[in-house]
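Novice: turn this into a model:
(chains A, B and C)
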Amino acid sequence: MTNPIGDVLKTEVILAIGTDTTGNHPIIANYIMEAVHQKGVKLLVIDPRHIELVDHADLWLRHNPGTDVALINGLMHIIIKENLQDQAYIDERVEGFDELKSCVEKYTPEYVSSITGVPEEKLYDAARLYGKANVAAILYTMGITQHTTGTDNVKSCANLSMLCGNVGKVGGGVNPLRGQNNVQGACDMGGLPNVFPGYQAVTVDDVRKKFADAWGVEGFPSTPGLTITEMFDAAESGKVKAIYVMGENPAMSDPDKLHIEHCIESVDFFVVQDIFLTETAQLADVVLPATCFAEKDGTVSNTERKVQRVRKAVEPPGEAREDTWIISEISRRMGYTMPASTPEKIMEEINLLTPSYKGITYKRIEKGGISWPCPDEDHPGTPVLHVGKFARGKGLFFAIDYIPPAEEVDDDYPFLLSTGRVPQHFHTGTMTRRGTGLNRLCPEPIAQINPEDAKKLDISEGDYIEITSRRGSIKVKTWLTERSQLGMVFMPFHFHEAPANILTHSIVDPVAKIPEFKVSAVKINKAA
Amino acid sequence: MSMVRLTIDGSEVEVPEGTTILKAAEKAGIHIPTLCYHKRLPPLESCNICIVEIEGEKEPVNSCAAPVSEGLVVTTDSKALHEQRTVNLKKILKHHPLDCPVCDQAGECELQDIVYELGIEDVPYEPRKVKRDDTYSTTLIRYWADRCILCGRCVAACRDLKQIGALSIEGEDENARIVVDPDKCKSCGECLMVCPTGALTENLSRYKGRPWLVKKVWTTCSYCGCGCQFQLNVLDNRVIGITTDVDTGVNQGSLCDKGRFGYEYIGDESRLKKPLIKENGAFREASWEEALDTVAEKFKALIEQHGPDSIAGLTSAKCTNEENFLFQKFMRAVIGTNNVDHCARL
Amino acid sequence: MAESKKMYLNMGPHHPATHGVLRIELELDGETIVNATPRIGYLHRGIEKLAENRNYQQIIPLTDRLDYASASANNMGYCVTVENLMGTEVPKRAQYLRVIMAELARIMGHHLWIGTHALDIGAMSVVFYAFRDREMIMDINEEIAGYRLTPTFFRIGGVAHDATPKFIQMVRDFVKWFPKGLDGYHKLLTENKIWTTRTMDIGTISAEEAVNYGFTGPSLRGSGVAYDLRKAFPYSSYDDFDFQIPVGDKGDVYDRYLVRMEEFSQSLKIIDQAIENLPEGPVNVDNPWISNPDLDEVQKDISALIRRFMIHVKGPVAPEAEVYQAVEGAKGELGFYLVGDGSEHPYRLKIRSPCFYLASALPRLMVGHMVADAIAIIGSIDVVLGEIDR
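Specialist: I've put the predicted structure just below:
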């Protein structure tokens, strides 16, 4: 997020696009509720599903899944036509306005309405609502990113925000809500194929030299490595011989599950380090028992980039050990001794090598987190990014054209499947499906389909249906609800007994390599 | 905002207009006993414990709701006030059952605290003869109707904090009770957080441990990216519950159903306890020595045969910064490849 | 000429005559003690630190385990200190009951002393008579509190419960019997030639020196200083009772022996007066924040239940203040320095242990004497390591 969570209380309009906030980020939803109902902030929801936020929204645009770019371009078209943009901000701080202007020229309300299915007058209302606000915040999550045009979608959100001068302002910003406790930190720490910790690119010679010197090795490859989705393809083709997985469950979370399993089976050596014998771990050659968050010390970075402490509360079960110990031991056996042992010592090494984390020490975050960038020990942290000036100097508008989703509905597969989470469970269910508590609330997967579709297919509430895509087929219970629009079915992916990712396709965004979980074509039959 | 000056217990305070007397007193370091008042909720005015005397006014007023005004002279403690508070509290205690020995809230119960604070000595009322049924309980939250003092906090929290409005108070006086709309309730547990008594208790950790026996460890939630702060309640190396604090963290005491109830996996029986090595399609338990040697040898052999790029690593958005740092360092410095990624894309 | 070589003898911590786990490094020239260094700490349990994490009520059992030979006397010191800090005073009946318990504890402590002291020096039979009588007090403890050695009968604001008729009868029986028992000890020791030879002019310390060393209690009085906190700064109604302070003149082992022997009688006198004049009334202060409500009230009234619960779980709160209060323990001035911080735990509890000062004078008392005298000297100052190490 460019801004802290509390900023939604300081804004005038919240644009929630592609985020089921009440379900997936309930605490952020609390803030939205407070903003809307107590501070009088206007809420604009853009989502194909009738999510709960809609009930609190001033305006809801229900567009067809995968048409986000067209929709946002349409909004920008109106904003520019009606001259609602923050021209002073654009002139001073952003480049590429003319290209953007000419690009959105053709996205007239009529045209956009025909693509997205949103009535024209609603487009006008939305554009005026967002455009006229002095400050407005955009919140988005995977509804924006999990498309083959994910990168385009995100850039479009940034375009819209910059167009109205909302980036680098208290109460504004473009705010992706992070779905995992430390997805921010994993990126910050260089858990990415193209960058070292602190987003220092592997392609830069000086950066490689700095890390080589610090770690006492000769050098590093100068080309970015494989992304998660590419890894498995490379495994299938034999390029990758071994995969070492720490605390991930790709066999459940990655698209086209059957294909992933096939890829994993084709590697020579597969090591999984986890707390449970997950679907992925079952395919491993060696499984290493690790510790969960309650059994170790450390830090995690939340969606506001705030680095906060995790503290050890209980002893790990059996012989399970800290991940840091396991990595250090393997490393030592391979002839490289990791000098830092305790989490605090590792943080000191991070401070040295990562400019944005330089001033974040255990001592300082003992009482409360600090948001990076924090360049030195006296720096209070940076809750709002891009204040006064963009990180790259000037902001840049991207002129982006609408591209339809990779897989569109046709006669054979007439329904559109979107996957996501339910409030009661988390991701691949490894953690939430263990105890009795949450399982009692939500014991099994339920597909949400529109009652009218159900009527046509002769399905009644609670019936089991068979959902089939070009990849595979699963059987699941139904819930007839207006939440799903006509021709759409929504399904959570937490459940190993009916893994939604058997159905999804693995075509990815060309830049971010993110799979299109939100749009797959499927057909539905009543199960026998 | 214009400032208002007033006198509380002889000391002068300056606060912004619209502040309540309670908050003004807090600023002046003067403690006024409260029961139904909750920092995050609007004034409920159901307990009448926080009453104060205002010079020139006949009746005492509820300080949690009464706004300050210029020149106000407030007395927060007097014999009459204490007596009135005692009477008001005794009325609340009237039907409260003798449950403390079996109540999970005992020890962190705000009703107990206020009874002790005011030194209540006897309650001259006959308690209700018939035990009441539990009218509201989801699978995770239990409602003990008899313990309820009808302060209205849960109703306000559900309505104002969560905008769900699943709870309401139905009935008059003796028959009043909390009623839930099961279609609306999402078991988020916001009502649990605010309940001052043991009327709403978590169904998972019933009878597992007393609050004064548990060790409380502050940590960050392991689910989504909000980064909520809470305390793990640990007894005998087992996490038996989760508590929060209104003043700590982005969550301000709130949690979602996952955060509040999803701790059972920590000590789950199915946790991996030993390294496993697959032989002929089946796992067998192995020692750490053997498992680590196997992994290291295999990696070394593959690097030699096919080069470092034949190995790929997936680090985790569920692991800490330190672990992620070490993992990518391992992949880059030890293996020598940039093939490292995690599930940010999924 | 033969050269004398110093010998080092390690006495304790397992030596039976060191009464617990005192260890003394003796430096000997032949059989003469040239130097002695007491080493302490073998019984350290961190009582002062533990106290910082307990509420005021919960600390009482810890104090039982200071001078465990006379547990109730420690309770007295601690409870009076806390009540001082909280600004409350216990009812008269409780004060009298406390005096009875404390004096019984003093007698119990002296029983242990006379038994072992005599045993160490070679008078084998005294211990049996002393322990026979000590057993009677243990039974009294058991009757009133359930525990024999460490009764923990005191509470902040009073005592655990009222005296039972049986208790009163048992105390009366003891008061009636014990002069005979005491007479027996005298017959065995006081004019015994061996005893007087072993104890007279051994470990002598002058009044001035004793004061300078921080001596208190019977050991100080043995040197002729009539200082007793029960008279000097009366607490718990001690000024209601008629009793004398026995003093010695030379300050040797025998004098200290005589003082304690007389203290038996004086304590008995106090107990007799207290039990016969036991006032009527409650045994706990009338304060809803301190006193436990009765059990039968608790079973009927929610506010009583809650208060009982809170007093046990949270406990009474002391103001932000500090206080020093000392009482006459069996060994001397037992002082508690208590700092309250407005919570239910003390911020700091420092215990002034009389035995610590006595033990620190051991080198002064021993040097120049024979090894065998070391045993007599240790016995005569009557140190208990539970209190020194804490």
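Novice: could you point out which residue ranges in the stretch 51-200 of chain B have low pLDDT?
Specialist: B:129, B:134-136 (pLDDT under 70).
Novice: can you pull out the helices in it?
Specialist: B:79-93, B:110-118, B:153-156, B:190-194 (DSSP state H, counting those that start in this stretch).
Novice: and those: which comes nearest chain A?
Specialist: Of all the helices of the stretch 51-200 of chain B, the one in closest proximity to chain A, counting by C-beta to the nearest C-beta, is helix B:190-194 (8.5 Å). (Glycine included, C-beta is placed from N, CA and C.)
Novice: by contact count, what packs against that closest one?
Specialist: With contacts defined as 3 or more C-beta pairs under 8 Å, 6 or more residues apart in numbering or on different chains; DSSP states H and E, the packing partners of helix B:190-194 are helix B:153-156, strand B:200-202.
Novice: for B:Asn203, see how far away B:Thr220 is.
Specialist: 25 Å (C-beta to C-beta, to the nearest Å).
Novice: now chain C against chain A: closest residue?
Specialist: Residue nearest to chain A within chain C (C-beta to the nearest C-beta): C:Asn53, separated by 19.1 Å.
Novice: what's the closest non-adjacent residue to that residue?
Specialist: Nearest non-adjacent residue to C:Asn53, counting by C-beta to C-beta, 6 or more residues apart in numbering or on different chains: C:His345, 6.4 Å away.
Novice: give me the number of residues near the one you found?
Specialist: The number of residues packed near C:His345 is 19, by other C-beta atoms under 10 Å in any protein chain shown.
Novice: tell me who's in contact with it.
Specialist: With contact set as C-beta atoms under 8 Å, 6 or more residues apart in numbering or on different chains, C:His345 has these partners: C:Ala51, C:Glu52, C:Asn53, C:Arg54, C:Asn55, C:Tyr56.
Novice: wait, which of the residues you listed is closest to chain B?
Specialist: Nearest to chain B, judged by C-beta to the nearest C-beta, of the contacts of C:His345 is C:Asn55 at 9.9 Å.
Novice: as TSV, the helices of the stretch 51-200 of chain B with mean neighbour count would be great.
Specialist: As requested, the helices of the stretch 51-200 of chain B are exported to TSV (neighbours: other C-beta atoms under 10 Å in any protein chain shown):
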stretch	mean neighbour count
helix B:79-93	16
helix B:110-118	22
helix B:153-156	25
helix B:190-194	26
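Novice: picking up where we left off before, kindly reformat the helices and strands packed on helix B:190-194 as TSV containing distance to B:His95.
Specialist: Below are the helices and strands packed on helix B:190-194 laid out as TSV (distance: least, C-beta to C-beta, whole Å):
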stretch	distance to B:His95
helix B:153-156	18
strand B:200-202	17
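Novice: which stretches of chain C aren't confidently modelled?
Specialist: By pLDDT under 70, the weakly predicted segments of chain C are C:1-4, C:16-18.
Novice: residue of it closest to chain B, please.
Specialist: Of all residues in chain C, the one sitting closest to chain B is C:Pro288 (3.5 Å; C-beta to the nearest C-beta).
Novice: quick check: closest non-adjacent residue to that residue.
Specialist: B:Gly119 (3.5 Å).
Novice: and that neighbour, what is it in contact with?
Specialist: Neighbours of B:Gly119 in contact, by C-beta under 8 Å, 6+ apart: C:Asn287, C:Pro288, C:Trp289, C:Arg307.
Novice: out of these, which end up buried?
Specialist: Among the contacts of B:Gly119, those buried by neighbour count (16 or more other C-beta atoms under 10 Å in any protein chain shown) are C:Pro288, C:Trp289, C:Arg307.
Novice: including distance to A:Gln146 and secondary structure, could the residues you listed go into a markdown table?
Specialist: Output for those, formatted as a markdown table (distance: C-beta to C-beta, whole Å; DSSP: H, G, I helix; E, B strand; the rest coil):
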| residue | distance to A:Gln146 | secondary structure |
| --- | --- | --- |
| C:Pro288 | 62 | coil |
| C:Trp289 | 60 | coil |
| C:Arg307 | 58 | helix |
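Novice: can you lay out these as TSV showing distance to A:Glu408?
Specialist: Listed next are the buried ones among the contacts of B:Gly119 as TSV, based on distance: C-beta to C-beta, whole Å:
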residue	distance to A:Glu408
C:Pro288	75
C:Trp289	74
C:Arg307	72
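Novice: quick one: the strands in the stretch 51-200 of chain C?
Specialist: Secondary structure of the stretch 51-200 of chain C by DSSP state E, counting those that start in this stretch: the strands cover C:154-155, C:158-159.
Novice: export the ones you listed to TSV and tack on mean neighbour count and distance to B:Ser310?
Specialist: TSV is the format used below for these (neighbours: other C-beta atoms under 10 Å in any protein chain shown; distance: least, C-beta to C-beta, whole Å):
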stretch	mean neighbour count	distance to B:Ser310
strand C:154-155	26	75
strand C:158-159	26	80
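Novice: need these in a markdown table with distance to chain A, can you?
Specialist: Formatted as a markdown table, these follow (distance: least, C-beta to the nearest C-beta, whole Å):
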| stretch | distance to chain A |
| --- | --- |
| strand C:154-155 | 35 |
| strand C:158-159 | 40 |
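Novice: grab the most central residue of the chain for me.
Specialist: Here I'm looking at chain A. Centroid-nearest residue in chain A, with C-alpha atoms, centre = their mean: A:Met142, separated by 4.6 Å.
Novice: I was after chain C.
Specialist: Ranked by distance to the mean C-alpha position of chain C (C-alpha atoms, centre = their mean), the top residue is C:Ala330 at 3.4 Å.
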